[in-house]
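*Asks:* requesting a structural model of the entry that follows:
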Amino acid sequence: MLASVVLLCLCVVFLLVQLRSRRSKNFPPGPAALPLLGNLLDLSKENPLEDFERLRNSYGNVYSLFIGPRPAVVINGLKAMKEAIVVKATDFAGRPQDMFVNYVTQRKGLILADYGPVWKEHRRFALMTLRNFGLGKKSMEDRINDEIQYTIRTLEESAGISFLGALRA
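*Replies:* Below is the predicted model of the structure:
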């Protein structure tokens with residue numbers, strides 16, 4: 001009987017240690033997280049901004065939370081935001097990756113693609129293709145203005161009659 005209770009306690013402790021969220025060495029400090037819930041119980045439903053302010057006072061302008069099992073980094077303060085966006089822009093340029101998005105897009109595309117060599121290659125190809133179609137050229141702008149003028153004339157001529165009737169005439 002005692003051996004089964006000790007074995008059960010050891011199993012529970014082992015599961016808690018295995019499910020515990022682990023921060024890597026270079027991850028910002030933050031409150032301890034529960035295994036599956038993360039820090040969701042630390043944030044109030046009514047006013048989570050007060051909780052973020054409390055955490056900022058405890059851990060500084062850059063700290064980490066776990067939203068469920070997923071890690072999140074919170075950045076507060078103008079200096080910390082400027083450093084993240086301007087100074088270390090390539091470190092923060094990626095997009096969140098999950099299995100469904102990667103499966104659907106097959107890790108291709110521009111919008112949900114993670115910043116890296118594949119993204120740069122696709123961006124270069126897209127810009128080259130758009131330039132071949134006249135992006136940034138004066139001739140394309142003239143063509144668009146001509147089409148808009150034609151559309152405006154057609155609409156003005158059809159004032160008071162049905163638009164389909166004006167197109168047939």
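
*Asks:* do a quick rundown of the strands in the protein.
*Replies:* 62-67, 70-75 (DSSP state E).

*Asks:* okay, now the unreliable bits of this protein?
*Replies:* Within the chain, the stretches with pLDDT under 70 are 16-22, 95-96, 107-111, 138, 163-169.

*Asks:* just the helices in it please.
*Replies:* For the chain, the helices defined by DSSP state H cover 2-19, 48-59, 78-82, 99-105, 117-132, 138-157, 163-168.

*Asks:* right, and those - which one's nearest Pro28?
*Replies:* When the helices of the chain are compared by Cβ to Cβ, helix 48-59 sits nearest Pro28, at 7.4 Å. Placement of C-beta: from N, CA and C, glycine included.

*Asks:* who touches that closest one?
*Replies:* Pro28, Pro29, Gly30, Pro31, Asp42, Leu43, Ser44, Tyr63, Leu65, Val74, Asn76 (Cβ atoms under 8 Å, 6 or more residues apart in numbering).

*Asks:* just checking, the second one touches Ser64?
*Replies:* Yes. Applying Cβ atoms under 8 Å, one finds Pro29 in contact with Ser64, separated by 6.9 Å.

*Asks:* so for these two, which sits in the more crowded spot?
*Replies:* A direct count of neighbours by other Cβ atoms under 10 Å for Pro29 and Ser64 places Ser64 higher, at 19 against 11.

*Asks:* distance of that one relative to Gly30?
*Replies:* Here Ser64 is placed at a distance of 4 Å from Gly30 (Cβ to Cβ, to the nearest Å).

*Asks:* list residues touching both of these two?
*Replies:* Common neighbours of Ser64 and Gly30 (Cβ under 8 Å, 6+ apart) are Arg23.

*Asks:* let's have the helices of the chain in JSON lines, adding distance to Pro69.
*Replies:* Output for the helices of the chain, formatted as JSON lines (distance: least, Cβ to Cβ, whole Å):
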{"stretch": "helix 2-19", "distance to Pro69": "8"}
{"stretch": "helix 48-59", "distance to Pro69": "19"}
{"stretch": "helix 78-82", "distance to Pro69": "25"}
{"stretch": "helix 99-105", "distance to Pro69": "13"}
{"stretch": "helix 117-132", "distance to Pro69": "26"}
{"stretch": "helix 138-157", "distance to Pro69": "49"}
{"stretch": "helix 163-168", "distance to Pro69": "56"}
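
*Asks:* how about those helices, which one is nearest Arg70?
*Replies:* helix 99-105 (12.4 Å).
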